[in-house]
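Novice: When you get a sec, could you give me coordinates for this:
(chains A and B)
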Amino acid sequence: MAERGYLGEFELMVMLAVLCLGDDAYGVPISKELAETTGREATLGSVYAALERLERKELVSSKLADPTPERGGRAKRYFVVTRKGLQAVQVTKTALEQLWRKLPALRGQTT
Amino acid sequence: MNQDMTGPRTFALWLLRHAGPPESREAIIGDLLERLKDRKSARWFWREVFSALAAGVRMPWTDVGLALLGPVLPILLGRPLLPISLWRLPNPFLDGVSNWTLTLSWPLSAAFECGFRVLELTFLLTIELMVVFAFQRTLSWANVGRAVLIVLPILSVGLLLSLQLDGFIPHHFENAVDQIPFFWAMLTTLLSSGPGRLVMPRGTSTQLSR
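Specialist: Here you go, the predicted model:
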């Protein structure tokens, strides 16, 4: 992914959800955000699998917070989009916009 | 509040703790417990657990390979591995214990024989795991203790099942079926003790506390 510079559909949605949530980007709000936006519930397993792929490519970074009793003593893992991740989002957005511009009929229907 | 953490759900969380994605298993369990407050259904819960387990299976290929190597190598070589060969050399103590169990009446004799066999196999598998830990630079008393605690019950259940299934499994597959508990015990131990195990970083999380 890092080599080709743009993101897959699900990875892009996860990155955008992390950006939207800001300081509150951990598993539960990310999956809720995706469910509200797409109308389809993404499982926590698939969200974390995507986030770990993104982290290996250094597009996001994560930190563990302190454990809390309401989560059975488990820590939240907060994610932040890195500078490299922001560039990847921008490159993907540009590529998608260029493709959309080549489809005037569809663009007319959606706007 | 839908937080009945008994029975199947406890088992599911145990599965996640031991076979979930190493880097995020604790965070996923915490998220699951948090979402259970939203009165989520049992179906939702199990879908999440299986999804997380599937996500974990894709990652630790090294552990899966090592766990496969343990039981498969002796079959490929056509003879037991070195620790097993050494263990089977004439040994007055083991022979004495074995002869003593024969003097007992049933069901004590069967219980002691099975128990002794499980302890013997646990010992041998723990030695194999210690070699793997040494290569992974994760050899510690904690990991060896964890290995024994995981291997012992899995091999016990495996031996009991194999006794129950005796005669029902085609002869050609008996060897392969006998290896399943070894593979599962080794994989579970490696997943919970290997280098990918979640370690809480110290002093890095206070600014993010909620």
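
Novice: looking at chain B, which helix or strand is least sure?
Specialist: helix B:82-87 (a mean of 55; mean pLDDT, DSSP states H and E).

Novice: next SSE after it?
Specialist: helix B:92-103 (DSSP states H and E).

Novice: what separates the longest helix along chain A from the chain centre, distance-wise?
Specialist: Ranked by residue count, the top helix of chain A under DSSP state H comes out as helix A:83-101. Taking C-alpha atoms, centre = their mean, to the nearest Å, one finds the center of helix A:83-101 at 13 Å from the center of the full chain.

Novice: Could you tell me the single residue of chain B that sits nearest to chain A?
Specialist: Going by C-beta to the nearest C-beta, chain A is nearest to B:Gly30 of chain B, at 2.9 Å. (Each C-beta comes from the backbone N, C-alpha and C, glycine too.)

Novice: Check which helix or strand residue 14 maps to.
Specialist: If you meant another chain, say so; for now it's chain A. A:Val14 belongs to helix A:9-21, assigned by DSSP H and E.

Novice: I was after chain B.
Specialist: With DSSP H and E as the test, B:Trp14 turns up in helix B:8-19.

Novice: Mind giving me the packing neighbours of the next helix or strand along the chain from that helix?
Specialist: Next helix or strand after helix B:8-19 toward the C-terminus (DSSP H and E): helix B:25-35. The helices and strands touching helix B:25-35, judged by 3 or more C-beta pairs under 8 Å, 6 or more residues apart in numbering or on different chains; DSSP states H and E, are helix A:27-38, helix A:44-56, helix B:8-19, helix B:42-57.

Novice: any residue of the first one up close to chain B?
Specialist: Yes: in terms of C-beta under 8 Å from any C-beta of the partner chain, part of helix A:27-38 sits within range of chain B, namely A:27-28, A:31.

Novice: got it, and the second one?
Specialist: Yes: taking C-beta under 8 Å from any C-beta as the criterion, helix A:44-56 and chain B are in contact, through A:44-46, A:48-49, A:51-52.

Novice: Could you show which parts of chain A are in contact with chain B?
Specialist: So far as C-beta under 8 Å from any C-beta goes, chain A lies against chain B at A:23, A:26-28, A:31, A:43-46, A:48-49, A:51-52, A:63-68, A:70-72, A:74-78.

Novice: picking up where we left off before, closest one of the residues of helix A:27-38 next to chain B to chain B?
Specialist: Closest to chain B, out of all of those and judged by C-beta to the nearest C-beta, is A:Gly27, at 3.9 Å.

Novice: For the residue nearest to the closest one when sequence neighbours are not counted, grab the count of nearby residues.
Specialist: Excluding the flanking residues, the one nearest A:Gly27 by C-beta to C-beta, 6 or more residues apart in numbering or on different chains is B:Asp31, at 3.9 Å. B:Asp31: 26 surrounding residues under other C-beta atoms under 10 Å in any protein chain shown.

Novice: is it true that B:Asp31 touches A:Val28?
Specialist: Yes: the criterion here is C-beta atoms under 8 Å, and B:Asp31 meets it with A:Val28 at 5.0 Å.

Novice: any weak-confidence spans in the chain?
Specialist: Picking chain A for this. For chain A, the stretches flagged by pLDDT under 70 are A:1-5, A:105-111.

Novice: please go with chain B instead
Specialist: In chain B, residues with pLDDT under 70: B:1-8, B:56-61, B:70-90, B:166-167, B:169-178, B:193-210.

Novice: could I get the residues of helix A:27-38 next to chain B as JSON lines with neighbour count?
Specialist: Compiled in JSON lines, those are given as follows (neighbours: other C-beta atoms under 10 Å in any protein chain shown):
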{"residue": "A:Gly27", "neighbour count": "24"}
{"residue": "A:Val28", "neighbour count": "19"}
{"residue": "A:Ser31", "neighbour count": "23"}
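
Novice: circling back: could you give the angle of the helix holding B:Trp14 to helix B:25-35?
Specialist: Helix B:8-19 runs at 160 degrees relative to helix B:25-35, counting by axes from the mean of the first three to the mean of the last three C-alpha atoms, to 10 degrees.

Novice: Mind listing residues that contact helix B:8-19?
Specialist: B:5, B:25, B:28-29, B:32, B:42, B:45-46, B:49, B:52-53, B:56-57, B:150, B:187-188, B:191-192 (C-beta atoms under 8 Å, 6 or more residues apart in numbering or on different chains).

Novice: and if you look at stretch A:35-43?
Specialist: By C-beta under 8 Å, 6+ apart, stretch A:35-43 touches A:10, A:13, A:17, A:31, A:34, B:47-48, B:51-52.

Novice: of these, buried ones?
Specialist: Buried residues within those, counting neighbours by 16 or more other C-beta atoms under 10 Å in any protein chain shown: A:10, A:13, A:17, A:31, A:34, B:48, B:51-52.
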